[in-house]
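Enquirer: how would this look folded up:
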Amino acid sequence: MERAIGDLGKDIRQPSNPFANLSEIALRRSQINALLEICPELDPNAETAPKGNDVGNGYFLLTPHERYASSLDRGIYWDAVHTEFPHMKGVRKWGRLNLPNGQIARSLYSETQREGKSENTRITRNVKVRFSAEIYTNTRH
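Expert: Okay, the predicted model is just below:
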């Protein structure tokens, strides 16, 4: 709070009427912040893409992640992975996923890697995914 007051105070140009000037500065800053929130492409200092492992279509895998890939036990996950990627030897767990809309989804792996693990993981960080049947239609022969 003190820093914000200092930043606003140093922008005052009319010492004869500081409170009116201060309210104009605060109004202008809030308008700029609202505009940048609505149109982030207007910010020249913004990063264009998140730093992470690009998996396409605007999705980025973010740390923490497993250092080495591990093999999956036979079962539903193994079947799903090996149907699409038959030559894959193992998989690596990632902690977060940056979605195309800018939100970050966190995984159970990320939550269980935290210091002082608790039994109550933050299930509000889960993402509901709906797949179309067309996605799973395998056209390979």
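
Enquirer: which SSE is Leu61 in?
Expert: Per DSSP states H and E: Leu61 is located in strand 59-65.

Enquirer: cool, Met88 as well?
Expert: Here Met88 is assigned to no helix or strand, by DSSP H and E.

Enquirer: re the thing from before, mind giving me the packing neighbours of the strand holding Leu61?
Expert: If you count contacts as 3 or more Cβ pairs under 8 Å, 6 or more residues apart in numbering; DSSP states H and E, strand 59-65 packs onto strand 53-56, strand 94-98. Using the backbone N, CA and C atoms, a C-beta is placed for each residue, glycine as well.

Enquirer: Pick the most deeply packed of the ones you listed.
Expert: Highest mean neighbour count among the helices and strands packed on strand 59-65 (mean count of other Cβ atoms under 10 Å): strand 94-98, with a mean of 20.

Enquirer: ok and that strand relative to strand 59-65, angle-wise?
Expert: 150 degrees (axes from the mean of the first three to the mean of the last three Cα atoms, to 10 degrees).

Enquirer: Buried residues of the helix or strand just after strand 94-98, list them for me.
Expert: Per DSSP H and E, strand 94-98 leads on to strand 104-106 as the next helix or strand towards the C-terminus. Using 16 or more other Cβ atoms under 10 Å as the test for burial, strand 104-106 gives Ala105, Arg106.

Enquirer: Phi first, then psi, for Asn17.
Expert: Main-chain dihedrals, Asn17, degrees, to the nearest 10: phi -140, psi 70.

Enquirer: Tell me the predicted confidence for it.
Expert: At Asn17, the pLDDT value in this model is 80.

Enquirer: Give me the distance between His82 and Leu97.
Expert: According to Cβ to Cβ, to the nearest Å, His82 and Leu97 sit 22 Å apart.

Enquirer: biggest helix in the chain, by residue count?
Expert: Across the chain, the helix with the greatest residue count (assigned by DSSP state H) is helix 18-38.

Enquirer: Against which helices or strands is it packed?
Expert: Applying 3+ Cβ pairs under 8 Å, 6+ apart, we find helix 18-38 packed against helix 2-10.
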